[in-house]
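Novice: structure for the following, please:
(one chain, ligands or ions: 1)
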Amino acid sequence: MSAQPDVESSSASDAHEGGFRPTFDVSTERGGPNYGKFVGQVREFMDRVRAALPSAELTDELLADLKSMNAKLVDFETDEWTSPSGTRIDLPARGNITLPPYDIVDAGPDGVDATITFTRFNLGGNGAAHGGFVALLFDDLGGMAAALNIEGICRTAYLKIDYRSLTPLNSELAVRCWVDRVEGRKVYVRGTLHEGDRLCAEMDALFIKLKPGQP
Ligand SMILES: CCCCCCCCCC(=O)SCCNC(=O)CCNC(=O)[C@H](O)C(C)(C)COP(=O)(O)OP(=O)(O)OC[C@H]1O[C@@H](n2cnc3c(N)ncnc32)[C@H](O)[C@@H]1OP(=O)(O)O
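Specialist: Numbers count the residues shown, from 1 in each chain. This next block holds a predicted model:
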């Protein structure tokens, strides 16, 4: 972990008055020391499923394995504030398997710099990344840039992506998000995604600072 956003810690039992919790229990321990490797295996599995043409026998075998693994997790469900998948700030994308596994290079009020390598799971068509994953990447990192700039929690009001050139798989890309201007509760955020010098996509987004208790 080189430069993760400075998210304050709060007790999981803190009331948040029905609103988006402004602080949450960050953790580098939940799920154990091998939780990152576990997430890595989950991500590799999703890549391999996307890429594979399994035999009928292998599909049946994997189906049984997956039923067994799902059954093991049933009794360990927890809320979003304490699940390591989303709060493990030492892991790519906070360990959140929903997100592309970006790595934060630098994050602060001036903006967020990160790297991302899209893989087979992120395939859109004909070898390029799906535009929805590009938007997801920008939504999360744009929201982070907004939150760090205003020191408050925001929600996305709009998110506009210009896809300037194809976004490749299996190549490390640089993503940057920064606050362009703040007008009251309105936080205008811009972003870029590059492969080397080549611009793949740009973001223009509006995030709204939530009022106390606002969900
Ligand atoms: C460190 C961890 C970082 C984690 C980052 C995670 C980022 C993830 C972010 C998300 O994905 S959030 C989920 C997607 N977004 C939503 O579900 C939001 C759904 N919409 C809402 O909840 C409300 O519409 C919203 C909070 C965005 C705004 O409602 P409000 O009642 O708080 O504000 P209001 O409608 O009064 O608008 C405030 C100002 O923004 C303006 N505005 C709102 N929506 C707009 C819009 N879409 N376009 C342009 N302007 C807009 C509005 O005109 C007004 O301008 P003025 O102050 O000048 O009058």
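Novice: now for the one residue in the chain that gets nearest to the ligand: which residues touch it?
Specialist: At 2.5 Å from the ligand, residue 143 is the closest residue in the chain, using Cβ to the nearest ligand atom. Every C-beta, even on glycine, is put in place using the N, C-alpha and C of the backbone. If a contact means Cβ atoms under 8 Å, 6 or more residues apart in numbering, then residue 143 has 154-156, 207 as its contacts.
Novice: out of those, which touch the ligand?
Specialist: With Cβ under 6 Å from any ligand atom as the criterion, the contacts of residue 143 include 155-156 near the ligand.
Novice: just the buried residues of the contacts of residue 143.
Specialist: 154, 156, 207 (16 or more other Cβ atoms under 10 Å).
Novice: could you chop the protein up by domain?
Specialist: 16-97, 99-214 (the TED database).
Novice: in the longest helix that the chain contains, what's buried?
Specialist: Looking across the chain with DSSP state H, the single longest helix is helix 131-150. Across helix 131-150, burial judged by 16+ other Cβ under 10 Å covers 133-150.
Novice: average pLDDT for that helix?
Specialist: The predicted model gives helix 131-150 an average pLDDT of 97.
Novice: before we move on, what about stretch 82-97?
Specialist: Stretch 82-97 comes out at a mean pLDDT of 95.
Novice: quick one: check that stretch for contact with the ligand.
Specialist: No: legend: contact between stretch 82-97 and the ligand by Cβ under 6 Å from any ligand atom is lacking; minimum distance shown is 7.5 Å.
Novice: element containing the residue of the chain most remote from its centre?
Specialist: In the chain, residue 57 marks the outermost C-alpha relative to the chain mean, sitting 34.6 Å out by Cα atoms, centre = their mean. Using DSSP states H and E, residue 57 sits within helix 56-73.
Novice: name the nearest residue to the residue sitting nearest the centre point of the chain, ignoring sequence neighbours.
Specialist: In the chain, the residue lying closest to the centroid (Cα atoms, centre = their mean) is residue 99, at 3.5 Å. In space, and not counting its chain neighbours, residue 99 is closest to residue 93: 3.9 Å by Cβ to Cβ, 6 or more residues apart in numbering.
Novice: what about the one you found, how many residues close to it?
Specialist: For residue 93, the count of nearby residues is 24 (other Cβ atoms under 10 Å).
Novice: residues from this structure in reach of the ligand?
Specialist: 5, 7, 139-140, 143-144, 147, 155-158, 184-186, 206, 208, 214.
Novice: go ahead and confirm residue 118 touches residue 132.
Specialist: No: at 11.4 Å, residue 118 does not count as touching residue 132 under the criterion of Cβ atoms under 8 Å.
Novice: which stretches of this structure have low pLDDT?
Specialist: Scanning the chain for pLDDT under 70 picks out 1-24.
Novice: what segments of it are strands?
Specialist: 103-108, 111-116, 123-125, 128-129, 154-163, 173-183, 186-195, 198-209 (DSSP state E).
Novice: dump these to a markdown table, plus distance to residue 31.
Specialist: Shown next, in a markdown table, are the strands of the chain (distance: least, Cβ to Cβ, whole Å):
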| stretch | distance to residue 31 |
| --- | --- |
| strand 103-108 | 19 |
| strand 111-116 | 22 |
| strand 123-125 | 28 |
| strand 128-129 | 28 |
| strand 154-163 | 27 |
| strand 173-183 | 26 |
| strand 186-195 | 30 |
| strand 198-209 | 29 |
